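> Provide a 3D model corresponding to the input given below.
(2 chains)
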Amino acid sequence: MKTRVAVLLLLVSFCSAQDPRKLTSMSAPGPLTFAAVCDGGREMIGISKEKGVFVWDVASGQSTPLNIKTRRTSDGTCTAKAPYAAMVVAREGRVILVDLRKRVQVKEFTFTQHIANAAALSPDGKTILAAPDDGPAKIIDVATGAMKTLQTDFGASVNVAFSPDGQLMATADEDTNVRIYSRDGKLLSAVSYGRVEPFGIAFSGDGKRLFVAGGDFSVHAYESATGKLLASSEKVENPIWLFSRSGDSFVALSLDKKTLAPAALYRFDPAATGVTKLGFDPAAYVGWGDTAKGWALVKSEGDTVSIWELAANSAVATSR
Amino acid sequence: MNLNRRDLIAKCVALGTVSLAGRFSLAEATSAWDAADQKLSVTPPCELGPFYRKDAPSSADMRQPGERGLPLDVTGAVFNTRGEKLVGAKIEVWQADHDGLYDVDGDHLRATLLSDSKGEYGFHSVMPGHYPARVCQHVHYLVTAPGCRPLVTQLYFATDSAFDGDPDKNFTRDPLIWSRELVRPVQLKGDPQTIVANVKFELVLERL
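Numbers count the residues shown, from 1 in each chain, chains lettered A, B, ... in the order given. Predicted coordinates:
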């Protein structure tokens, strides 16, 4: 009996400890439409619809305006290990590379005349995988600007991802398939996600598994090399829109079925079979990224922007 | 064997039945030939959106008994850019209900249709509702046919309150409407007890 009580208390403590905790609050030039925490949590890049692009030094809270004008942004990312560059994707169909150290725009690529859905930057910063909403994803060579268009049966790619070692790429496509490519764009496998669209994709730390979430309200784990389905999670309450790796587990943001506003934050264990709903109000969520100890969420409320941290390995015990 | 234009010209060039005598490439020759044949413009595309479900039921009557909302009948035909009607084209449609909700667990207000022997299609539904993430009422389309590029588009309604009665001027209020052509006139038919909104939406697919 004592043991059962102890286990119960342990689980309760895990449940509370795993919720995101606020790391810091900083001044902002106004409400942000997008933000990404970069460089192990040392810097953050964010876009104010009215004032443009800013980079924050997270330790001091100081922000620096960049001479970049954007109207809206849809996605952003940072290199995993190289702290020199971050990337934002403007809704106008542009990818912008930013040097965080020098606080300047390095390059810009226009890859669609329509809207950009998502983008990913390879860990070495040499390749961009960009998803327009009027066709399949494109591979962009950062050095030359050369673009190679991937394939779908119809429609666009909703989301894109690189494996941690940068050797594999994946696309979540509107034609209800998930496709895995080699770095040079050779199709390795195409996996049917069923009747609905996949929205979020993320590789495991070793790149051997690909985790996919989307319109069926659950997460599926596939073997990267073969596309073989390994496991499926229980369902949550809403479609899962964003999905990212956090240490040994995965974090997902679901969207309300009607408003399409962020609805809830979940954590999935490495086997992708257990689901834990986290205590976090995602109403003012505008972005995420990595910190030294885990995973960052960014909320923007008026002239204040706050970073919340989700510890990387705190949740594994709760959902088994 | 169905060869597309480019493959056909390439084969003819290889066999010597066609030669390229001007200062232009095979691709330019193909484009010029296609342009000369084109009688209709491709229906403007519009994004697929997050609520697509493949393999929806084949019933053209999506309206359930007691369904809330103004009854809506949509008809049209499917063409290629040569103006040829396409028989057996697959037309997938899906939409929100009167309250602006999509059925994300099932197939309510979703259908997979085939164009008939005249290339025509039609379905019975209700006028879709507004919902916070989108400005305008709309019906989603995914149209596929052999020899043509798949068409992903959306149908909008000139009567939408978001246009304030002037879709020519106000159609860009919804940033996803890339072309005024997708906003179609609405004709009200029937009697006071059973008024039905009728909309005609022709679909033109690009030839491969």
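> give the other helices and strands that the longest strand anywhere in chain B contacts.
Criterion DSSP state E: the longest strand present in chain B is strand B:71-80. Packing partners of strand B:71-80 (3 or more Cβ pairs under 8 Å, 6 or more residues apart in numbering or on different chains; DSSP states H and E): strand B:120-126, strand B:194-200, strand B:203-205. Placement of C-beta: from N, CA and C, glycine included.
> out of these, nearest to A:Lys107?
Of all those, strand B:203-205 sits nearest to A:Lys107, with 36.9 Å by Cβ to Cβ.
> stretch A:117-137 close to chain B?
Yes - using Cβ under 8 Å from any Cβ of the partner chain, stretch A:117-137 comes into contact with chain B via A:Asp133, A:Asp134.
> next, the buried residues of that stretch.
For stretch A:117-137, burial by neighbour count (16 or more other Cβ atoms under 10 Å in any protein chain shown) applies to A:117-123, A:125, A:127-137.
> now find how far off-centre the longest strand of chain B is within its chain.
Its chain's C-alpha centre and that of strand B:71-80 lie 8 Å apart, by Cα atoms, centre = their mean, to the nearest Å.
> how about stretch B:163-182?
17 Å.
> now do the end-to-end distance for that stretch.
With Cα to Cα, to the nearest Å as the measure, stretch B:163-182 spans 13 Å from end to end.
> now swap in stretch B:31-50 and tell me
34 Å.
> that stretch near chain A at all?
Yes - using Cβ under 8 Å from any Cβ, we find that stretch B:31-50 touches chain A at B:Pro45, B:Glu47, B:Leu48, B:Pro50.
> for the third one, the count of nearby residues, please.
This points to B:Leu48. 23 (other Cβ atoms under 10 Å in any protein chain shown).
> need the pLDDT of it.
On the pLDDT scale, B:Leu48 is placed at 92.
> hang on, it in a strand?
No - using DSSP: H, G, I helix; E, B strand; the rest coil, the assignment for B:Leu48 is coil, not a strand.
> for it, list the residues it contacts.
A:Phe154, A:Gly155, A:Ala156, A:Glu174, A:Glu197, B:His140, B:Leu142, B:Val152 (Cβ atoms under 8 Å, 6 or more residues apart in numbering or on different chains).
> check the gap between the first one and B:Leu205 for me.
Going back to what we said before, that points to A:Phe154. Distance from A:Phe154 to B:Leu205, counting by Cβ to Cβ, to the nearest Å: 11 Å.
> give me the common contacts of these two.
Shared contacts of A:Phe154 and B:Leu205, counting by Cβ under 8 Å, 6+ apart, come down to B:Pro150.
> quick one: secondary structure of the residue in the stretch 51-200 of chain A positioned nearest to chain B?
Minimum separation of the stretch 51-200 of chain A from chain B (Cβ to the nearest Cβ) falls at A:Phe154, amounting to 3.6 Å. Using three-state DSSP as the criterion, the local structure at A:Phe154 reads coil.
> do the same with B:Asp34
helix.
> residues near it, how many?
Residues lying near B:Asp34 (other Cβ under 10 Å) number 17.
> contacts for stretch B:9-19, please.
Under Cβ under 8 Å, 6+ apart, the answer for stretch B:9-19 is B:Leu3, B:Leu20, B:Leu26, B:Ala29, B:Thr30, B:Trp33.
> tell me which element the closest residue to the second one other than its chain neighbours is part of?
Once flanking residues are discounted, B:Leu20 sits nearest to B:Ala29: 6.1 Å by Cβ to Cβ, 6 or more residues apart in numbering or on different chains. Counting by DSSP states H and E, the secondary-structure element that holds B:Ala29 is helix B:26-37.
> which secondary structure elements does that helix sit against?
helix B:5-15.
> by how many degrees do the helix it packs on and helix B:26-37 diverge?
Orientation of helix B:5-15 against helix B:26-37 (axes from the mean of the first three to the mean of the last three Cα atoms, to 10 degrees) gives an angle of 120 degrees.
> using CSV, write out every CA atom in helix B:5-15.
Below are the C-alpha coordinates for helix B:5-15, written out as CSV (Å, rounded to 0.1, in the frame of the first residue of the first chain):
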residue,chain,number,x,y,z
ARG,B,5,2.5,17.4,-75.4
ARG,B,6,6.1,17.6,-74.5
ASP,B,7,6.7,13.9,-74.7
LEU,B,8,4.8,13.7,-78.0
ILE,B,9,6.9,16.5,-79.6
ALA,B,10,10.1,15.0,-78.2
LYS,B,11,9.2,11.6,-79.7
CYS,B,12,8.4,13.2,-83.1
VAL,B,13,11.7,15.1,-83.0
ALA,B,14,13.5,11.8,-82.2
LEU,B,15,11.7,10.1,-85.1
